[in-house]
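> Turn this into a structure:
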Amino acid sequence: MIPDMSAKDRLEELEATKPDFRKAQDGLVRILSDTYHLSRVNILLYNRKQSMLEAVSSVGHPQYDYKDIRIPIIRMDGMSSRAVQCRAFLENREIVVTDRSEDPEYSSRHKFPHKTYSREFAVFPLLHGKRKLGILAVAVDHNNPTSLSDIAPHLQPLLRQIARLIASTLPKAPTDRKMMSILKETLQKGLLYPVFQPIIDVRRGTVHAVESLLRIRHPEITGPKMYFDYAEKFNALRDISYAAHTNAVRHLPDLAPGQKMFLNLHPKDFTEYAHLDAASNPFRGHDLSRIVFEITERIYIDDPSGFTSLVRYFKSLGVGIAVDDLGSGYSSLEMLASLEPDYIKFDMSLIRGIDKNERKQKLLRALLYYGEQIGCRCVAEGVETPEELAFMAALKCDLIQGFLLFKPAESFRSDNDVSERLREVHVGWVRDMLARTA
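Model prediction:
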């Protein structure tokens, strides 16, 4: 029996608070999950830039554009939820998939406990006026008595209200003219500043290095990625890189003996900085042996051979090289083989849930072995749980970076801070383990 406590009233309450986009998503998911005993609720908006439906419920701001919607027709064998989501969106109709628990394929998938699969799921298109926003996808899993065939008629009348709430809270993308003005303002008024996140050697209990990250003091900038995307679009990367790197290297004298500073460089920066004696070079006069250039593998490099020559030139001058975000981008193995880096930084997507995922564990072991063979050190980025930390330490990946230990800050962390934090993490983990086994 569906509870008669009105989701409609709760949605009206939420709408009356005039929530921002994130609060609207969180509120919608919570209301629908609670009211109808759903195992999962996802709101997916159409992402024109990626030509896909993008899950946005509880995960922040999407890249969105709901003008002139075009989406490829995706044909997939079987009854996958992704195929059904695309069909519902393209055909502008709801689709309810009922009990799959007797399907042999569904049953076999339960051999992988780190994954979840829906016993029943339903997909509803979201329309606001003539605009196609995306879909609402709901699901129930194994051992959940809820029947989506019963729930579907109750959700249908709410769709217009849900779509209105989403449309009213979508953040407005700034115009090109506005972004050009913001870029100019941040450079002229000195609104760019560095923060530093330590890279911890957990075996020694010390700060091995710090990574300098750019932050922007401007109310209309939601994050560095958005800022750099526009900077590249308007050919302003050179000025912004110069400002960011100049501000960062001013703090080199504050590092403890033996520590290094990691700096993110766009491939274009290497060409700009090739002449170290130029007054426009932010590294002029600094000890290059204390600097490590991070090259993200998320960025496609047009001229790999020319870029490799530039990297080797900097290495000959004492600069360290790190391949960043390994496992997330275009050319991991090619970059590893050609650049011979001093550091490999594993992307957080590889680290997330590593203690529970055997496939990731096998891959990480192979990459760690490769790093050992070529004489470079490996860094685990994005470590957020004690279990991830313990597992990476067990794999002898001693360099750890992540929010579990320290978030980026404007000041440096000391070795004493590291020892105290590692002790706190260990004590808290043991306490939690005892509580779970009690």
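
> Give me the residues contacting stretch 384-400.
199-204, 208, 343, 346, 351-356, 361, 364-365, 368, 377-380, 383, 402-405, 425-426, 428-429, 432 (CB atoms under 8 Å, 6 or more residues apart in numbering). (C-beta placed from N, C-alpha, C; glycine too.)

> Can you show me the helices along the stretch 101-250 of the chain?
With DSSP state H, counting those that start in this stretch, the ranges of helices along the stretch 101-250 of the chain come out as 104-109, 148-155, 159-169, 176-188, 224-233, 237-249.

> Tell me which of those helices sits most buried.
A comparison of those by mean neighbour count, using mean count of other CB atoms under 10 Å, puts helix 237-249 on top with a mean of 19.

> Neighbours of the closest residue to L38 other than its chain neighbours, how many?
Leaving aside its sequence neighbours, L38 sits nearest to V138 (CB to CB, 6 or more residues apart in numbering; 5.0 Å). When counting by other CB atoms under 10 Å, one arrives at 26 neighbours for V138.

> one step back: could you tell me which of the contacts of stretch 384-400 count as buried?
Among these, those buried by neighbour count (16 or more other CB atoms under 10 Å) are 199-202, 208, 343, 346, 351, 354-355, 364, 368, 377-380, 383, 402, 404-405, 425.

> Take the residues you listed and keep only those in strands.
Judged by DSSP state E, strands contain the following of those: 199-201, 208, 343, 346, 377-380.

> want to throw the helices of the stretch 101-250 of the chain into a markdown table with mean pLDDT and distance to I95?
What follows is those, written out as a markdown table (pLDDT from 0 to 100; distance: least, CB to CB, whole Å):
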| stretch | mean pLDDT | distance to I95 |
| --- | --- | --- |
| helix 104-109 | 59 | 17 |
| helix 148-155 | 90 | 10 |
| helix 159-169 | 91 | 14 |
| helix 176-188 | 89 | 39 |
| helix 224-233 | 80 | 34 |
| helix 237-249 | 89 | 45 |
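
> mind giving me CSV with those and columns for distance to E387?
As requested, the helices of the stretch 101-250 of the chain are exported to CSV (distance: least, CB to CB, whole Å):
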stretch, distance to E387
helix 104-109, 24
helix 148-155, 34
helix 159-169, 35
helix 176-188, 39
helix 224-233, 28
helix 237-249, 33
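
> so which of these gets nearest S6?
Comparing the helices of the stretch 101-250 of the chain against S6 with CB to CB, the closest turns out to be helix 148-155 (10.2 Å).

> Mind listing residues that contact the closest one?
Residues contacting helix 148-155 (CB under 8 Å, 6+ apart): 2, 7, 32, 36, 38, 94, 96-98, 120-122, 124, 136, 138-140.

> can you give me the angle it makes with helix 159-169?
Going by axes from the mean of the first three to the mean of the last three CA atoms, to 10 degrees, helix 148-155 is angled at 60 degrees with respect to helix 159-169.

> Off-centre distance for helix 148-155?
Centre-to-centre, helix 148-155 and its host chain are 34 Å apart (CA atoms, centre = their mean, to the nearest Å).

> Roughly how far does F228 sit from I151?
43 Å (CB to CB, to the nearest Å).

> Longest helix in the protein, please.
Scanning the chain for the helix with the most residues, using DSSP state H, yields helix 415-437.

> tell me the average confidence for that one?
When pLDDT is averaged over helix 415-437, the result is 81.

> got the buried residues for that helix?
Residues 415, 418, 421-422, 425 are the ones in helix 415-437 that count as buried (16+ other CB under 10 Å).
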